[in-house]
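[1] Structure, please.
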Amino acid sequence: MSTHDFRALHERLRRETARSTADGRRGALRHVTPERVVAAAAEVRLGHTVSLAAPIETVPGADDPEPAVHRMTGPAPDELGADGLHFATDRFAMNVHGDTNSHLDALCHVVFDGELYGAVPAGDGAGALSVDLVEDGIVGRGVLLDIPRLRGVPWLQPGDHVTADELTAAEAAQGVRVGPGDMLFVRVGHRLRRTELGPWNAATRRAGLHPTTMGFLAERKVAVLGGDGNNDTAPSAVEGIAFPVHALAVQALGIHLLDYLQFEDLVPVCAQAGRWSFLCAVAPLRLPGATGSPVNPTAVL
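    From the prediction side, this is the model:
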């Protein structure tokens, strides 16, 4: 995709979103209405809950040079065998926007041409568009589209793109349709490949969505986009724009992204139930002014 075509697509999506947005601060979450949350509750039929997050990595790897740090801070050595009451305690630190751990991107995470979503100056973003916007969580209908399943392969190869036509074809093959206010989850098989073949430098090569798929999300009024990779392909499909999907989804459309989820536990449950939609709850940490948060989305079928 040429830089010219990318910028034309970005401007079109930005303008269309601006015309239809009454509450610019909430972005695409405006599509998650109370009525749609109530309707999403009807997706629960089995009472089965499934985590969409991967275990947090604490060991350096090819795709995770700065892993999370977990340190048990208590009990003290002299308390281990002592009588009385003592507590085990912990301390964590994390590079939220790395290439391994599951996380949410806030609307202040992506700056393009000096602006954030809604033409907010980049310098004003921490207060206006931070993760505070989702402090009450996001609850609604989730839809999983499994692209390797569509292609008949275990995973997409690093560098491969998911197209808009494939999203439509996956809907037809799985008997589901993405609608307004939905959380769209697109599986490329990143996690399965990593498990089977080991970590690699995902910053340089990974499967993801082609930038033109953002037109599909805009048309369907998708509220949240989640993937088992970074959502963006590497190398980028657009010369000079390293993360075009992030720029289009977050900065132009106001869609919160969920990166590096894992769907390997969800896929067999959906396949056995014959349903690829479910109630989904996303609960970021309450981190005032933050550009993102570790997250553990939960599907309820």
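[2] which residues of the stretch 151-300 of the chain fall in strands?
    With strands called from DSSP state E, counting those that start in this stretch, the stretch 151-300 of the chain shows them at 161-162, 183-187, 208-209, 224-227, 256-259, 277-282, 292-294, 298-300.
[3] Let me know which of these is tucked in deepest.
    Highest mean neighbour count of those: strand 208-209, a mean of 30 (counted as mean count of other C-beta atoms under 10 Å). Any C-beta I mention is one placed from the backbone N, CA and C, and that applies to glycine too.
[4] helices and strands around it, which ones?
    Applying 3 or more C-beta pairs under 8 Å, 6 or more residues apart in numbering; DSSP states H and E, we find strand 208-209 packed against strand 161-162.
[5] Quick one: end-to-end length of stretch 264-278, please.
    Stretch 264-278 has an end-to-end distance of 15 Å (criterion: C-alpha to C-alpha, to the nearest Å).
[6] Give the buried residues for it.
    Leu266, Val267, Val269, Cys270, Arg275, Trp276, Ser277, Phe278 (16 or more other C-beta atoms under 10 Å).
[7] repeat for stretch 147-160
    Using 16+ other C-beta under 10 Å as the test for burial, stretch 147-160 gives Ile147, Pro148, Arg149, Leu150, Arg151, Trp155, Leu156, Pro158, Asp160.
[8] Skip the chain neighbours and tell me the closest residue to the last one.
    So that's Asp160. Ala207 (4.6 Å; C-beta to C-beta, 6 or more residues apart in numbering).
[9] Please tell me how far that neighbour sits from Asp228.
    Per C-beta to C-beta, to the nearest Å, Ala207 is found 9 Å from Asp228.
[10] again, but for Arg275
    On the measure of C-beta to C-beta, Arg275 and Asp228 end up 19 Å apart.
[11] Same question for Val153.
    Val153 is 14 Å from Asp228, by C-beta to C-beta.
[12] Poorly predicted segments of this structure, please.
    Low-confidence segments of the chain (pLDDT under 70): 19-24, 125-126.
[13] Can you give me every residue that contacts Leu258?
    Each residue near Leu258 by C-beta atoms under 8 Å, 6 or more residues apart in numbering is listed here: 52, 102-105, 185, 224-227, 282, 295, 297.
[14] ok, now Ala299?
    Thr49, Val50, Ser51, Leu52, Gly142, Leu266, Val269, Phe278, Leu279, Cys280.
[15] Could I get the full set of helices for this structure?
    3-20, 34-41, 125-128, 147-151, 164-174, 190-197, 213-220, 244-246, 266-273 (DSSP state H).
[16] so which of these is the most packed in?
    Buried most deeply of the helices of the chain, by mean count of other C-beta under 10 Å, is helix 244-246, with a mean of 25.
[17] distance of the spatially closest residue to Val69 that is not a sequence neighbour from Ala299?
    Nearest-residue entry for Val69: Ala93, 4.3 Å, with adjacent residues in sequence omitted and distances by C-beta to C-beta, 6+ apart. Distance, Ala93 to Ala299, by C-beta to C-beta: 28 Å.
[18] and what of Gly47?
    Applying C-beta to C-beta, the value for Gly47 to Ala299 is 12 Å.
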